[in-house]
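>>> Here's my sequence, what's the structure:
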Amino acid sequence: MYGPLHAARRATVPLWLAIHLKKKRKCHIDPPAWLSVTALEETLRAELTDGAFSPVPHDYLEVSKVLLEIASDDIPTPDTIRLLLKSIREARQSKIRLGLAALNPSHLQMPHASSLELNELRGFFTIAHKRLVMLDPERELHQAIDGMWQMDPNKALNLAPEEGEDQGGEENRLVEAMRQHLLEQQQN
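Numbering: from 1, shown residues only. Coordinates of the predicted model:
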């Protein structure tokens, strides 16, 4: 499936195979480009200056942990890389804690969050979101909005204000249309 593999030649293989061969001392692993000191310093700088998450590989924590444990001799300056990864992780965790204020009954958006970061928060977010939905005074209206978008996005788009139309009137028209949609759903 993978190969042919020849001595002293580079080959692209899945991580699991590279780790297996490395444990048998049959290969050297070239770390991914994002696992270099310069790339991680740039990511850390972006994490500290931008309000949004920096784009990182979805599984950067898992891959870096495995590579630093198994193939640290193939990675230049592994101690510096460990420190940078730790700093990036702490910066991202602080953004997640600050983002908890943005939790609302409709949705929570966290683009570029890694799979491990999402899994760490899944239990808390699930419970918190359910409680917020229960406490939402306009829960039925929000459900109607979601239903309208799912059933007929064109109808929802037609509710957008015309050019030059009063923006306050647009909000009242949208709320009234959503209430009407909710009544239609209840009758069916």
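>>> When you work out contacts or count neighbours from here on, use the C-alpha atoms and nothing else.
OK.
>>> Where does pLDDT dip in the protein?
1, 100-109, 136-146, 148-149, 153-183, 185-186, 188 (pLDDT under 70).
>>> 80 - rerun?
Applying pLDDT under 80 to the chain picks out residues 1-3, 96-113, 118-126, 128-188.
>>> Quick one: the helices in it, in order.
15-23, 37-49, 60-70, 78-99, 115-135, 139-151, 153-157, 167-187 (DSSP state H).
>>> residues in contact with the second one?
Counting by C-alpha atoms under 8 Å, 6 or more residues apart in numbering, the neighbours of helix 37-49 from elsewhere in the structure are 33-34, 53-54, 77, 80-81, 84-85, 87-88, 91-92.
>>> before we move on, what about the first one?
Residues from elsewhere that reach helix 15-23, judged by C-alpha under 8 Å, 6+ apart: 27, 28, 29, 70, 71.
>>> of those residues, closest to residue 124?
Distance ranking of the contacts of helix 15-23 against residue 124, using C-alpha to C-alpha, places residue 70 first at 32.5 Å.
>>> among the contacts of helix 15-23, which two are most distant?
27 and 70 (11.7 Å).
>>> Which residue of those two possesses the greater neighbour count?
residue 27 (19 against 16; other C-alpha atoms under 10 Å).
>>> ok so, going back, and the contacts of helix 37-49, which two are the farthest apart?
Longest span within the contacts of helix 37-49, C-alpha to C-alpha: 53 and 77, 25.3 Å.
>>> Neighbour count: the two, which is higher?
When residue 53 and residue 77 are compared on other C-alpha under 10 Å, the one with more neighbours turns out to be residue 53, at 19 against 12.
>>> What does the more buried one show for phi and psi?
phi -70, psi 140 (degrees, to the nearest 10).
>>> tell me which of the contacts of helix 37-49 is nearest to residue 3?
Using C-alpha to C-alpha, these come closest to residue 3 at residue 33, 22.5 Å.
>>> burial count for the closest one?
10.
>>> Only whichever of the contacts of helix 37-49 are buried, select them in ChimeraX.
Buried members of the contacts of helix 37-49 can be picked out in ChimeraX with the line below, counting by 16 or more other C-alpha atoms under 10 Å:
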select :53,54,81,84,85,87,88,91,92
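>>> can the contacts of helix 37-49 go into TSV with extra columns for distance to residue 3?
Putting the contacts of helix 37-49 into TSV (distance: C-alpha to C-alpha, whole Å) gives the following:
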residue	distance to residue 3
33	22
34	25
53	37
54	35
77	30
80	33
81	30
84	34
85	32
87	38
88	36
91	40
92	38
